[in-house]
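Visitor: A predicted structure for the sequence below; I have some questions about it.
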Amino acid sequence: MLADDFFLVSWDTTGTGKPRLHVQGIALGLAGALIGELVLHQRIAVRGVRLDVIDSEDVMDKVTNRVLADIGDSPHHTDVRTWLAYLAQRSVDDVGARL
């Protein structure tokens, strides 16, 4: 999973347990990676500055399914920046728990 890989390279998981980058940057990167996972699974499309759900069928992962459900449940919010900001609020916890 894209977000899992990003988490592992941005956090010192074998030594100090501290982030290698600024935590807000990690959270934003993880949010982008979660969106990227849905793009790779062909569940959403990024068209310019918009996110559009193209297939709402579940992906075999609880975290990614939750992101897809959130995007699908809020069709009036389509701006990529809005979703990055929203998902960044919980991305570290969600991806950390998934690992």
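Guide: Yes, it's here.
Visitor: which stretches of this protein form strands?
Guide: Along the chain, counting by DSSP state E, strands occupy 44-47, 50-53.
Visitor: and the longest helix along the chain, which residues are buried?
Guide: When the chain is parsed with DSSP state H, its longest helix is helix 23-40. Applying a neighbour-count criterion of 16 or more other C-beta atoms under 10 Å, one finds 26-38 buried in helix 23-40. Heads up, the C-betas are built off the backbone N, CA and C, glycines and all.
Visitor: show me the contact partners of it.
Guide: 1-3, 5-7, 10-11, 19, 21, 44-46, 51, 59, 61, 63-64, 67-68, 71, 80, 83-89, 91-92, 94-95 (C-beta atoms under 8 Å, 6 or more residues apart in numbering).
Visitor: alpha carbons of it, as PDB, please.
Guide: Extracted in PDB, the C-alpha atoms of helix 23-40 (Å, rounded to 0.1, in the frame of the first residue of the first chain):
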ATOM      1  CA  VAL A  23       4.500  15.700  11.400                       C
ATOM      2  CA  GLN A  24       2.100  18.000   9.400                       C
ATOM      3  CA  GLY A  25       4.100  17.200   6.300                       C
ATOM      4  CA  ILE A  26       3.800  13.500   7.000                       C
ATOM      5  CA  ALA A  27       0.100  13.800   7.600                       C
ATOM      6  CA  LEU A  28      -0.400  15.600   4.300                       C
ATOM      7  CA  GLY A  29       1.700  13.100   2.400                       C
ATOM      8  CA  LEU A  30      -0.200  10.300   3.900                       C
ATOM      9  CA  ALA A  31      -3.500  11.900   2.900                       C
ATOM     10  CA  GLY A  32      -2.200  12.200  -0.700                       C
ATOM     11  CA  ALA A  33      -1.100   8.600  -0.600                       C
ATOM     12  CA  LEU A  34      -4.500   7.400   0.600                       C
ATOM     13  CA  ILE A  35      -6.100   9.300  -2.300                       C
ATOM     14  CA  GLY A  36      -3.400   7.800  -4.600                       C
ATOM     15  CA  GLU A  37      -4.400   4.300  -3.500                       C
ATOM     16  CA  LEU A  38      -8.000   4.900  -4.500                       C
ATOM     17  CA  VAL A  39      -6.800   6.300  -7.900                       C
ATOM     18  CA  LEU A  40      -4.600   3.200  -8.400                       C
END
